[in-house]
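Enquirer: I need the structure of the sequence given here:
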Amino acid sequence: KLLQEKGIFYPHHFIDPTFPFSLKELPQGITELMVHPSTGGEPWRKKDLEMLMDPSFMTTLEEEDIKLISFLEIKYFPLCCLT
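Expert: Numbers count the residues shown, from 1 in each chain. Just a heads-up that it's a prediction; the model follows:
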């Protein structure tokens, strides 16, 4: 609540893809999916890249009407969508 009072917008939920999750069971609101995709480095970074490049990822987003946005766009969502 303090962040909103200061005019700072933020995601309501946070998902780390190293833990099991389902795009079909996301809570209502804005959810941050923390990914650091890469072809090198730690193995989990390659898994992040593979997940994002998998055609079923985008298909599921479309089927579930999930919109990808940037942090800059969070402040443009109506307040009704941020509660």
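
Enquirer: CA atoms for contacts and neighbours, from now on please.
Expert: Will do.

Enquirer: which regions of this protein lie under the pLDDT threshold?
Expert: Low-confidence regions of the chain, defined by pLDDT under 70, span residues 78-83.

Enquirer: cutoff 50 now
Expert: Low-confidence segments of the chain, defined by pLDDT under 50: 80, 82-83.

Enquirer: Tell me where it has helices.
Expert: Using DSSP state H, the helices of the chain run over 2-5, 43-53, 55-63, 71-74.

Enquirer: Hmm, Thr18 is touching Arg45, no?
Expert: No. Thr18 is beyond contact range of Arg45, at 9.7 Å (criterion: C-alpha atoms under 8 Å).

Enquirer: For the two, indicate the residue with more neighbours.
Expert: Arg45 (17 against 12; other C-alpha atoms under 10 Å).

Enquirer: ok, so what distance separates the more buried one from Lys1?
Expert: In this view, Arg45 and Lys1 are 33 Å apart by C-alpha to C-alpha, to the nearest Å.
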